[in-house]
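Enquirer: what follows is a predicted structure for the sequence shown.
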Amino acid sequence: MRREVLAFPITALAFVAAVDAVQHAEILGATIALVPKTVVVQIVTLENRRQSQLLAWAIRTTGGPGTGSIVSSSDFTWQVMGPRPDGPIEPGKQRVFEVQLTPGTSSPPSSTLELAVFADGVIDGTALGIARWRNERREHAGDAKYPYGTDRPSGGESMDFCTTDPAARDGRGRIGPGETREFPFSRETADSATLPKVRLRYLLFDDLSFEGRDADRDELLRRREETADDLAFANGVRAALANVSDSDLRDFLQDKKTERIARLLSLKRLPSTYALDRMIEDAARSPARLRETAAAVIAHDEQQRLRLLRHLR
């Protein structure tokens, strides 16, 4: 008897590394392994210029066009730790890092500090970097309540490929059936025999089947709903551009940005206004071009919005 099997690509995943972590029994649709590799690195120096310990940071290194980027991060906000060479960065001190370069990099790439969290409560960085850190904090808090024993995660990553082009097969989009994907997880190791264990935290497939904890699924889908809401607001602004004169365009967009920030803060959400910032920049260069491209962008983002909300249908 022949049976037809439907295979769906992975659209979202997360993994964590810990000293004694093991694969969760509910994760059956994929496997993960940590493999040491020799890589080309760039030396990056991070200096703490504030009078407070630097507890967490994230550095994004970007190569040439088409090479992508890599984020190197550390977080000591969940543990009490005195001065030590590999712990928080003390005031006035520097830390030297070896940042892995993306494949295909032919010239020195640029590095951006996306996140800096200090012991006195100050948080600085990009909206994306801060949002990613806050999400990871929520995941760590969930780990503290979940019965994994003493394998508290010491690092990890999550990816959501929901809105990527399904035809892309360059190792950056959805993970296809039977595909093996490499993700850089930078961690200095003196002995390859003492590598940390890694485990998959959750998987979400294109048919919306999920493997992992319910709390992680709810958090992932909540983030998708927030992204869809951002797209809807930006599209509403684009739709109104045709009725705004060139002389009033900048003030109109600035008012919409202020309105959006106030709304997000009232919802206790991170006030990310990336799309509006781009519109403000584009309007300064060419108001006519901004209006001409509005319809195409609206159509594209509406498709993305509907895909993000498939779980609500």
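Expert: Looks like it arrived, so ask away. Everything numeric here is computed off the predicted structure, so don't read it as measured data.
Enquirer: going by C-alpha atoms from here, please, whenever you check contacts or count neighbours.
Expert: Will do.
Enquirer: residue closest to the middle of the chain?
Expert: Nearest residue to the geometric centre of the chain (Cα atoms, centre = their mean): R132, 5.1 Å.
Enquirer: what residues are up against it?
Expert: Counting by Cα atoms under 8 Å, 6 or more residues apart in numbering, R132 makes contact with nothing.
Enquirer: and it, what element?
Expert: helix 127-145 (DSSP states H and E).
Enquirer: before we move on, what about Q254?
Expert: helix 246-266.
Enquirer: list the buried ones in that helix?
Expert: D246, L249, R250, F252, L253, K256, K257, R260, I261, L264 (16 or more other Cα atoms under 10 Å).
Enquirer: state the pair within those residues that is farthest apart.
Expert: Greatest spatial distance among those (Cα to Cα): D246 and L264, at 27.6 Å.
Enquirer: where does the prediction get shaky in the chain?
Expert: 1-8, 15-25, 62-70, 78-85, 100-109, 138-156, 166-172, 184-193 (pLDDT under 70).
Enquirer: L208 is in contact with H311, correct?
Expert: Yes. Using Cα atoms under 8 Å, H311 is in contact with L208, at 7.1 Å.
Enquirer: quick one on the thing from earlier: ok, the buried residues of helix 246-266 vs A33, which is closest?
Expert: L264 (38.8 Å).
Enquirer: residues in contact with the closest one?
Expert: L270, P271.
Enquirer: 10 Å - rerun?
Expert: Residues in contact with L264 (Cα atoms under 10 Å, 6 or more residues apart in numbering) are E226, D230, L270, P271, S272, T273.
Enquirer: among these, which ones are buried?
Expert: When neighbours are counted using 16+ other Cα under 10 Å, the contacts of L264 contain these buried positions: E226, D230, P271, S272, T273.
Enquirer: closest one to T45 out of those, please.
Expert: S272 (28.2 Å).
Enquirer: and that closest one, which of the three is it?
Expert: With DSSP: H, G, I helix; E, B strand; the rest coil as the basis, the three-state label of S272 is coil.
Enquirer: next: E98.
Expert: Assignment for E98 (three-state DSSP): strand.
Enquirer: am I right that D120 is in a strand?
Expert: No. D120 sits outside any strand when classified using three-state DSSP, being coil.
Enquirer: count the neighbours of it for me.
Expert: For D120, the number of neighbouring residues by other Cα atoms under 10 Å comes to 12.
Enquirer: not counting sequence-adjacent ones, nearest residue to it?
Expert: Using Cα to Cα, 6 or more residues apart in numbering and skipping the chain neighbours, the partner closest in space to D120 is S52 (6.2 Å).
Enquirer: wasn't the one you found part of a helix?
Expert: No. Applying three-state DSSP, one finds S52 to be coil, outside a helix.
Enquirer: relative to T126, how far out is it?
Expert: Distance, S52 to T126, using Cα to Cα, to the nearest Å: 20 Å.
Enquirer: tell me, how many residues neighbour T227?
Expert: The tally of other residues near T227 (other Cα under 10 Å) stands at 15.
Enquirer: confirm that it sits in a strand.
Expert: No. Counting by three-state DSSP, T227 falls outside a strand, being helix.
Enquirer: so which strand or helix has S158?
Expert: strand 155-160.
Enquirer: try D124
Expert: strand 123-125.
Enquirer: pick the one among the buried ones among the contacts of L264 closest to T38.
Expert: S272 (37.2 Å).
Enquirer: ok, that closest one touching A127?
Expert: Yes. The criterion here is Cα atoms under 10 Å, and S272 meets it with A127 at 6.0 Å.
Enquirer: pretty sure L270 contacts A131?
Expert: Yes. Counting by Cα under 10 Å, L270 does reach A131; the two are 6.9 Å apart.
Enquirer: can you get me a residue count around T112?
Expert: Using other Cα under 10 Å, T112 is surrounded by 13 other residues.
Enquirer: typed the wrong thing, it's Q94
Expert: Neighbours of Q94 using other Cα under 10 Å come to 13.
Enquirer: quick one: it and R49 touch, right?
Expert: Yes. With contact defined as Cα under 10 Å, Q94 reaches R49; the gap is 9.0 Å.
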